[in-house]
Structures are given as structure tokens and as C-alpha cells.
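In: Task: produce atomic coordinates for the following.
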Amino acid sequence: MAGLLTHGSALELKDIYKSFYENKVLKGVSFEVKKGMILGLLGGNGAGKSTLMKIVNGVYRMDSGEILVDEKRVELKSAADAKKNGISMVYQELSLIPTLTVVQNLFLNDEPHKGMSIDENECLRRAKDVFESLGIEDIDPKETVENLPIGKQQLVEIAKAMLKNPYVLILDEPTASLTQKEIALLFDFLGKLKDKGIAIILISHHMQEIVEVCNQAVILFNGQVALNKPVAELTIPMMVEAMVGRKVQEKAVERKHPANYKADPLLKIENLESTDGRVNGVCLDVYPGEVVGIAGLMGSGRTELIKSIYGLQKVKHGMVTLNGKDVMGKKPWKAIENGIFMIPEDRRKSGIVAIHSIKMNFFISAWKKFCRWTCIQDKEADKEAEQLIDQLDIKSTGIHQEVKNLSGGNQQKVVFGKSIFLKPEILMLDDPTVGVDVEAKNSICHIIASIADSGSGVLLVSSEFDHLSKVCDRILILKKGVITGSLKRGVDDISESALLTAVQS
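Out: All right, here's what the predicted structure looks like:
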């Protein structure tokens, strides 16, 4: 980590308060970001990080407090006000228009003109310049955005922000969808910006990233600043303790009922091959009460594997059986009827309906369970929804709160609520802990264990190997669509370091 540069105050927040109705989100937050500083902003889901940054970017209005930019008090009533004051933010949820090209997205509503027409050559020149400065060599500015992988779309978002020549740059979970190579490029570029005196706020759940790239760390807990120190004075256990308000002991999740290996497998996969070649002859079994992990690098075929089982990916050949019944090639709704349920990687796009309530999201796939004759038993649904909120410890104002107003971790718990209510025999999870904080991850691990304890089987894909090592009975190593190894708890080393070695070797 480079030494701290102090060229005066770029951004100062003083006593910021914000409530949404009776929910007090920010309770007097104050901290400063110096010019030429990278400040890491951490906090559990619901701690107030995103709300605070949306206030700084003019999306939300604070109830009270002061914001100073370059030591001058400013009023940020809109995103346009933030832009005028040199503040630019890259959100975790991508804001690109998928049907437009990269260069069209970069200059949307801010195109350079030549006479009455858009100067497309100038757009292309500027796009190439910003990509070159970022060290990006493999994104064609003329390519349609929807044809890019999610990691490259994230880099386009960052490039778009840099075109505004920001004085303060805010990045909300920028590495969540990036490969290690892309992360290295991004961090190298952030170092260059820091050297130019730009103040950077990096929101991340990955504490190691904060240690590697940041000068200062601010941790929010329950809407207040719980810690504000130079990174050189911190350890990861100190940061974890500040985030969750108590000491956390990392250990495997205890199971009430072990996997039943004496029974026949619930799910049996034989020589499964997808039409796109991402899955190449996979064979695996999932037993009653077993959590089977899939460990692999990005591009290993891990997501394509569970999509092939669920009917979202076309299958070339193979066999998928559930309790001896052939279920291969069925559509997702048929998979649900057969007892297979999948929680997708992108909860915002495929897991929730953000404008609907928690209750509506819980039962969106299962309203017929509350039907009596031609009527829905609404009170029965209310009672069931309240029980699920309690069971999953979802922090909310109640069953009628819109899911879009929940934190990321609580949104993910709502997705789990759908699966728990359906009681599937096989639950498949695609990176369920991405973008959630330490405590939410721990809670999700216990939810997964409780599902397995009920006798269901779980197939868990995760890029976070510490998560796999905490909750899985077996972990399969996937490389280029082929299972190359199998590790079993109590027999093999399934630690995070062992898994990292296994997928790389």
C-alpha cells in the first residue's frame, strides 16, 4: 500500500442523517476524504453505505447535515449537482443500455457535436483514449454492450465515469463481477488516479482489497461510524468486529443431521454435456441431506452446469434423474414441479421483483398453495410470510415493504424464502453470497445447512471458497466443464487455501 497523500480535503461529510419513514438509516455520519486518498467504505448490509453515497451523488436528499467539496459547502439536490461539483459514482447495478454500443453508452446524453450532428469520430477517439489509460485492450468500442461479459460491462461503467474527469470518484462494489486480471488492471488505474490527486471512495465487502489498495478505512455499523482509521493500523479481524459489532469466530457450520450416504442419491447426473461446450461430460450425485460444492474459476462452466440441470441451458446429451425419474431437458417451471429449485447469480435481474413486497416475492411461484376454490387466503399468506421473515432474520419494516428498499443481504434472504417455502428436494445456488457482508454470509451458510438438515440436497456454486469450506460436505473441482477432483469433509483438506490450489493446478 502506498503512503498516504494529504493535499487538503476533497470531500467532507458532517453529521449526516437520513430516514425512510420510521426507518433511521443514517444517524450522524461524519468523515473526510483527502485529495489523493483511496478511502475504503465498509459495513454490513443495511449499515447505510449505499444510502450515504447516493446522498453524496445527489440521488437522495439528506434530512440534515453538511457536505463540503474542496472545503466549500455544497447543496447536492440532484445527480447533475453532483456532476457539477466533480462527483461521479459507479453503481453496483449496471446502468448501461444493453442494445447500444459501448461508445454510444459512454457518451449518452453528453455527445460531442460537429455542427448539428454527433461527432462519431471524436466519440471513438475519446473512447479509445480512456480505454488506453485504463489499460483495457480487449473491448471494442463499436461492440454492442449485451454481447460483453458482465466483467467487461463493469469496466465500461468505470470508463464512462472517468470521461467526466471526476474530482471525487465513488465505486460501489466494482470488483464483484471482475476476473483477477481485470481487478489488477482496475487497482493499478486507481493508483494512477490517486497520484493525480483524485479522491476515491471504494465500497467493498472484500476486506483484503481494502488492505491492498486503500489508505483509510471507514466502517459503518447501524447507520453510524464504527471505525475510521488508516489501513496500516488495522487487521482484518478488527475490521470484521467493527462491521458486525462483535467478535466473529470463523468455523464450519454445525449440522444437526449428517448427509445420508446409505440412501440412493436424490440427484444423479451422468455424462451431461451442454450444446455450447461449457459442460463436458459431467457426472455427479447429490445425496439426501448433502451439500455439494462446485469450485472453479470464472469460465470453468460452473453456472452453465446448474443452468443445464434446471432447463435454462440447452443440453446435447446426458442423463439427469431425480429420485430415479428422468427430469433432463425440462423447463424451469417443470423443474420446480419436480422438486428442483435454483437461486440465480444475479438476484436483481432474475431472483426478485424489486417493486413488489417481500410477501409477493416469497410466494410469486406458489400462490396456488394458498388457493381455496377460487380465492386466495390472504391472511394465511400473511402469517406464512411473517414466519419466513422471522426464520430468515430479514431486517425490514414488515411483509409489505418493497424489496427494492432492502439491503443486498436481505434481498438475498427473500430469494431464499421462496425456496424454503417450496421445500424443494434439490436446491441449486449460484454464488449466493456475492455482494453481501460478513454477517449475511454467515447467516446464509446457516440457512443452507438448515435446508440440508431437512433432508433436501444442495448443489452450491460459489466463487468464495471460504464459503464452500464452511458449509459443504463434498466439493467438486470443475475446470473447462470437466470435474477433475473431489474433496470430502473429514477426509480431505477443504480449506480456502486448499481449494485455491486445487482450481489453479
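
In: Could I get the pLDDT score of L178?
Out: On pLDDT, L178 comes in at 69.

In: Need the residues that contact the strand or helix carrying M428.
Out: When elements are assigned from DSSP states H and E, M428 belongs to strand 426-430. Contacts of strand 426-430 from elsewhere in the structure, counted by CB atoms under 8 Å, 6 or more residues apart in numbering, are 266-267, 286, 302-303, 306, 309-310, 322, 339-345, 419, 448, 451, 456-462. The way it works is simple: take the backbone N, C-alpha and C, and place the C-beta from them, glycine included.

In: Ranking helices and strands of this structure by mean pLDDT, which lands last?
Out: Ranked by mean pLDDT, DSSP states H and E, the weakest helix or strand in the chain is helix 496-504, scoring a mean of 77.

In: Show me what it is packed up against.
Out: Using 3 or more CB pairs under 8 Å, 6 or more residues apart in numbering; DSSP states H and E as the contact definition, the elements that helix 496-504 packs against are strand 291-295, helix 465-471, strand 474-479, strand 482-488.

In: on that earlier part again, output the strand holding M428 in CSV with nothing but the alpha carbons.
Out: Output in CSV follows, covering the C-alpha atoms of strand 426-430 (Å, rounded to 0.1, in the frame of the first residue of the first chain):
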residue,chain,number,x,y,z
ILE,A,426,-32.8,-30.3,-4.7
LEU,A,427,-31.8,-26.6,-4.2
MET,A,428,-29.2,-25.2,-6.6
LEU,A,429,-27.4,-22.0,-5.6
ASP,A,430,-25.3,-19.8,-8.0
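
In: got the angle for the helix or strand following it vs strand 291-295?
Out: Note on strand 426-430: by DSSP H and E, the next helix or strand toward the C-terminus is helix 438-453. Here the directions of helix 438-453 and strand 291-295 differ by 130 degrees (axes from the mean of the first three to the mean of the last three CA atoms, to 10 degrees).

In: what comes into contact with the following helix or strand past helix 438-453?
Out: Counting by DSSP H and E, the next helix or strand C-terminal to helix 438-453 is strand 457-461. Strand 457-461 is contacted by residues 266-267, 286-294, 302-303, 305-306, 309, 425-432, 448, 451-452, 468, 471-472 when judged by CB under 8 Å, 6+ apart.

In: switch the cut-off to 6 Å
Out: Outside strand 457-461, the residues within contact range by CB atoms under 6 Å, 6 or more residues apart in numbering are 266-267, 286, 290-294, 302, 306, 426-430, 448, 451-452.

In: Buried among these? Make that a ChimeraX selection.
Out: Per 16 or more other CB atoms under 10 Å, the buried members of the contacts of strand 457-461 correspond to this ChimeraX selection:
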select :266,267,286,290,291,292,293,294,302,306,426,427,428,429,430,448,451,452
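
In: quick one, phi/psi of E120?
Out: Main-chain torsions, E120, degrees, to the nearest 10: phi -70, psi -30.

In: Pull up the gap between it and L163, please.
Out: Distance from E120 to L163, counting by CB to CB, to the nearest Å: 15 Å.

In: Out of the helices and strands packed on helix 496-504, name the one with the poorest average pLDDT.
Out: Note on the helices and strands packed on helix 496-504: helix 465-471 shows the lowest mean pLDDT, a mean of 86.

In: now for it, which elements pack on it?
Out: If you count contacts as 3 or more CB pairs under 6 Å, 6 or more residues apart in numbering; DSSP states H and E, helix 465-471 packs onto strand 291-295, helix 438-453, helix 496-504.

In: right, and these - which one's nearest A80?
Out: helix 438-453 (33.8 Å; CB to CB).

In: Contacts only, for the residue lying closest to L26 once chain neighbours are set aside.
Out: Of all residues not flanking L26 in the chain, K18 sits nearest, at 4.1 Å (CB to CB, 6 or more residues apart in numbering). Residues counted as contacts of K18 (CB under 6 Å, 6+ apart) are V25, L26, T51, M62, D63.

In: Let's see that with 10 Å instead.
Out: 24-27, 29, 48, 51-52, 54-55, 60-65, 223 (CB atoms under 10 Å, 6 or more residues apart in numbering).

In: cool, I200 as well?
Out: 10, 33, 36-40, 166, 168-171, 190-191, 193-194, 213-215.

In: got the buried residues for stretch 444-453?
Out: Those would be I444, C445, H446, I447, I448, A449, S450, I451, A452, for stretch 444-453 by 16+ other CB under 10 Å.

In: Over to stretch 471-486?
Out: Buried residues in stretch 471-486, defined by neighbour count with 16+ other CB under 10 Å: V471, C472, D473, R474, I475, L476, I477, L478, K479, G481, I483.

In: Quickly check these for the two that are furthest apart.
Out: Spatial extent of these (CB to CB) is set by the pair V471 and G481 at 24.2 Å.

In: Could you list the low-confidence segments of the protein?
Out: Confidence mapping of the chain against pLDDT under 70 gives the ranges 1-7, 45, 176-179, 244, 246-251, 298, 346-348, 435, 504-505.

In: can you give me phi and psi for the spatially most distant residue from the centre of it?
Out: Distance from the C-alpha centroid of the chain, by CA atoms, centre = their mean, peaks at G115 (43.5 Å). Per-residue torsions, G115: phi 70, psi -130 (degrees, to the nearest 10).

In: quick check, nearest of the buried residues of stretch 471-486 to S133?
Out: After measuring the buried residues of stretch 471-486 against S133 - CB to CB - the closest member comes out as K479, at 34.4 Å.
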